[in-house]
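Novice: Okay, sequence plus prediction incoming.
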Amino acid sequence: MSWKKKDLLDIRSLSVEEIGEVHAAARTFRDVIAREIKKVPALRGKTVVNLFAEPSTRTRISFDLAAKRLSADVVDFEASSSSFRKGETLIDTVRNLEALNAEFIILRHAAAGAAQFIAERLSAHVINAGDGAHEHPTQALLDTFTILQNRGRIAELRVLISGDILFSRVARSNIHALTKLGATVVLCGPATLLPDTFRELGVEISHDFEAELPKADVVYLLRIQHERQRAVYFPSIGEFVALFGLTSERFRLCKPDALIMHPGPINRGVELASELADGRNSVILEQVTNGLAVRMAVLYLLNGGQAPLEH
Amino acid sequence: MSHPLLIKNGRVLDPASGTDTLRDIAALDGVLVSPNALRGLSGVEEFDATGLVVCPGLIDLHVHLREPGRPDKETIETGSRAAAAGGFTTILAMPNTIPVTDSASTVAWIRQRAQEKACVHVLVCGCLSQGQKGEVLAPFASLKKAGVVALSDDGRCIQSAELMRRAFEHAHMVGLPILDHCQDESLTADGVMNEGYWSTVLGLHGWPAIAEEIMISRNAMLADLTRHRVHCQHVTTAGGARILREARSRGVPISGEICPHHIALTDAGLEGYDTNFKMNPPLRTQADADALVEAFREGVIDILASDHAPHCDFEKEVEFQEAPFGILGLETEAGLFLEHLHHRHGIPLMDIVRALTMNPAKLLQIPKGTLAEGAEADITVLDTETPWTVDKHQSASKSRNTPFHGQTLRGRAVATFVSGRKVWDLAGFYGE
C-alpha cells in the first residue's frame, strides 16, 4: 500500500506503480462484486457526493453503486436541478458540500481542469469523472484493467483508438495509461479531429483505418460527439462511417482475437456495426462491470486503503 | 506650482537626441530646462540619481483602466497610480469601457475624470466601430475633436475587411493612427489558449497562431493600399513577426508591439490551469517568444506595452474556460522588459527606452518621449540592476491578477516625475 495522492485527477501524473495499485485493488473488488452479498464496510460513515455538472448516466450510476457497495452515504447532485442554474459558482458549490462534511467529491464537468481547480481548494478527496476534453482517468483505468484481464499484459500490444480524438477525454486518458504501460498506441480519425500535435504525446497517427485494422490487438472506438462539435469539423456522419466505421466487412481485416472496446454510449451503425458490438470480440459490457470494480478500488485507495473488506 | 527640480548625477538616456551621458536634468514650472537655469533659485527639489538611469517618462499605449463601467476592477485613479509605480508618466486608455468609448461624451467623461483623479497623463483611445460591434464606423472626427489620440476596437477585431478598409481610409483623412487587436474570430471560437502541445494535453480549446497572423497580413495589405499607419497590438507569434518584417522592409506603414508576458512566459505555464496565465492573445511557445525577442533586436517590432488588464479575484477564481482574459501589467512591465530583453538577451538599454518613450510618442503624434529642453518634464528614473521581488499585495492597482507574484526581476522604475513633480518613488506616492 503506497497510494499517497489525495485526489484522482488524471492519468498523466500517475506512475506505473500507482496504476498497478488500482488494478490490484480492482481485482479484489471484482471478487467482492461477484459475491452473494456485494457490500463491504470500507467507507462506512463517509459521505460521497456525485457532482455531475454535465449530463451522464453510466458513469454516474457506476460511481453511485461503487460508493454504495463500499457502504458510503451517497448524495447525487445534478446540474439540471442544482444551484448552478441559479448562478452559484463551482467553487462556492463545492465549498458548501465540504461544509456539509462531504469527504469525497466525484466531479463531472464540461470545463477542462475543473477537477484540479476544486481539488486544490478543498481538503475533500476529488475524483475526476471527466473534465471537458481533458481526462477521464477511471475510464482509462477500467479499460487497461479490461485489456489486462483478457490479454494478461499491455506491454507490446498495439492499440488502435479511432474516432473523434480531439474532443475526447477518454482518448487522452487512455493514451497516457497505455503508453505508460508499454503499449503502442495508434490514433486514427478524420484529420480535423486528429491534429498532428497528438504525435508529441508519444503515439502514432493514421488516417487510414483499413491499413491499421490488421495490425491492431485492440480496436478502441470512440463516438463522434455531436454535442461538442460545430458542423465545420466533418461533412456528415455518412462520410465518417465511410472512412472510420467498423463494419462487419472491415472487421474481417482484424486479427481473429482482436478486442473491440468502446467507452459507451455506442452509436450503433456509426462507429461500430451493431452485430460487432454484441459479437464475441466485444468486451464492451465487461468494461462496464470492470468500471464498478475500478471505481470501488479508487474510492478505497483514496480513503487510505486500510479499511476492512469483510463484515 | 511645483518646486524647481534637479535630478543629479544620473546616466541620462534620451533616445530622441541619442544622448547617453552622465549629467544633471532640471525642470522649472513643469518644463525641462538647462540645469543652469536653476542657479540662484531657492526651494530646488533635488533627486540623487547616482548609479541610476534617467530617461523620458515612460509611455504605455495599451492600458485598460476599466472606468467607466467596472470600478471594482480598476479606476482611472488606481490605474494611474499603478502606472506611476511602474514608471509610466503617460498611458493610453483602451476604449472597451462600459459604455465603450465611441462617443465624444464618453471621451469627455474620461478626460474630466483623469483631470480630477489621475496622477499621470491619461490619453484616450476611441473606438473604431460604434459599440465595438464591427458593423458601423465610430465618428472619428468628433472623437478626435473630443481629444482621442488613436482608434482601436481593442479586445475585439473588426472582422469585415471592407469595414476595416473604410476605417483606414477615414482615419487617414482625420489623422488618427489605428491600433488593431489582430484576431480572426472565426478561428478562435471557444479558444482559450495557444493551439499546440499544451492545448492537446490539457484538453483546452486551441487558439491558433494563424488567427493572429491572418489579421496582421490583412492589416499590412490595407496599410499598403491606403498608406495609413496601423499598429498591431500585442504581437505574439513568430509568423506575425515575419509578416511585419516583410511589410516594413517594403516601407508599409505598419508597426507592432510586444507585451512582457509574451516573452517572459509560454503556454507551458498553463499546466496547472492557473487563470492568471489566461490572456488574449494567449501565451505562445518558447520558439515564438524567442522570435519576438529577435524581432525586437532587429527593430522589426519597436514598441513595448503592457496590455494592463485588471480583473477581480472572484472573476479569475473559476474554471479556466470561464475566466476572463488578461493580467496586470503596469507595475511589472519595466522590470520584465529589463530582465528579459536587457539582462537575458543583451539588448541595449537605449533600444528598450526608445520603445517605451519616443516610438509610442511618434505613433500617437504627441510631443512626449523626449528630454529636450522646453518639453514637458515627464521623467522616469530606473534602477536597471537591483533585483526585487514582485509582491501582488503591494500593487497600487485594485486587482491582483498577475502570474508574476513572487518572481525576482533585475531592474525597475524607482521614481516617476510628471510635469516636473515627483508623483512616486520607492517610498510611496506624493500628493498635490
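Specialist: The structure has been received and is ready for your questions.
Novice: my read is residue B:362 is in a helix, agree?
Specialist: Yes. Looking at residue B:362 with DSSP: H, G, I helix; E, B strand; the rest coil, it is inside a helix.
Novice: my guess is it meets residue B:369, correct?
Specialist: Yes. The pair residue B:362 and residue B:369 qualifies as a contact (C-beta atoms under 8 Å) at a distance of 7.3 Å. For every residue, glycine as well, the C-beta is placed using N, CA and C.
Novice: can you list the domain ranges for chain A.
Specialist: Following the assignment in automatic domain parsing, chain A carries domains at A:16-135+A:288-302, A:137-284.
Novice: just to revisit the earlier point, give me the more crowded residue out of residue B:362 and residue B:369.
Specialist: Neighbour totals were compared for residue B:362 and residue B:369, and residue B:369 leads with 29 against 18 (other C-beta atoms under 10 Å in any protein chain shown).
Novice: Hmm, the more buried one is touching residue B:60, no?
Specialist: No. Counting by C-beta under 8 Å, residue B:369 does not reach residue B:60; the two are 11.7 Å apart.
Novice: which residues of the chain fall in helices?
Specialist: Picked chain A for this. Assigned by DSSP state H, chain A shows helices spanning A:16-32, A:58-69, A:90-99, A:114-119, A:137-151, A:169-180, A:209-212, A:237-244, A:248-251, A:274-277, A:284-302.
Novice: To clarify, I was referring to chain B.
Specialist: B:76-85, B:104-117, B:140-146, B:161-174, B:197-202, B:209-226, B:238-249, B:260-264, B:286-298, B:313-316, B:330-337, B:349-356, B:358-364.
Novice: and stretch B:230-239, does that touch chain A?
Specialist: No. Stretch B:230-239 stays clear of chain A (C-beta under 8 Å from any C-beta of the partner chain), getting no nearer than 15.8 Å.
Novice: Report the buried residues of that stretch.
Specialist: For stretch B:230-239, the buried set under the neighbour-count rule, 16 or more other C-beta atoms under 10 Å in any protein chain shown, comprises B:230-239.
Novice: among the residues you listed, which two are most distant?
Specialist: Using C-beta to C-beta, the pair of those lying farthest apart is B:230 and B:238, separated by 20.2 Å.
Novice: which neighbours do residue B:369 and residue B:60 share?
Specialist: Shared contacts of residue B:369 and residue B:60, defined by C-beta atoms under 8 Å, 6 or more residues apart in numbering or on different chains, comprise residue B:360.
Novice: Find the nearest non-adjacent residue to residue B:209, please.
Specialist: The shortest distance from residue B:209 to any non-neighbouring residue, by C-beta to C-beta, 6 or more residues apart in numbering or on different chains, is to residue B:237 (4.1 Å).
Novice: what does the stretch 1-150 of chain A have sitting close to chain B?
Specialist: For the stretch 1-150 of chain A, the residues in contact with chain B (C-beta under 8 Å from any C-beta) are A:12, A:89-91, A:109, A:111-114, A:116-117, A:120, A:131-135.
Novice: Give me the below-cutoff pLDDT ranges for the chain.
Specialist: If you meant another chain, say so; for now it's chain A. A:1, A:80-85, A:226-231, A:307-311 (pLDDT under 70).
Novice: that's the other chain; I wanted chain B
Specialist: Across chain B, the ranges flagged by pLDDT under 70 are B:1, B:432.
Novice: Geometric centre of it: which residue is closest?
Specialist: Residue closest to the average C-alpha location in chain B (C-alpha atoms, centre = their mean): residue B:305, at 2.7 Å.
Novice: doesn't residue B:256 make contact with that one?
Specialist: No. The pair residue B:305 / residue B:256 is not scored as a contact, 10.2 Å apart, by C-beta under 8 Å.
Novice: Could you give the separation of stretch A:50-63 from the chain centroid?
Specialist: Relative to the centre of its chain, stretch A:50-63 is centred 12 Å away, using C-alpha atoms, centre = their mean, to the nearest Å.
Novice: and it, which residues are buried?
Specialist: Buried positions in stretch A:50-63, judged by neighbour count with 16+ other C-beta under 10 Å: A:50-54, A:56, A:59-60, A:62-63.
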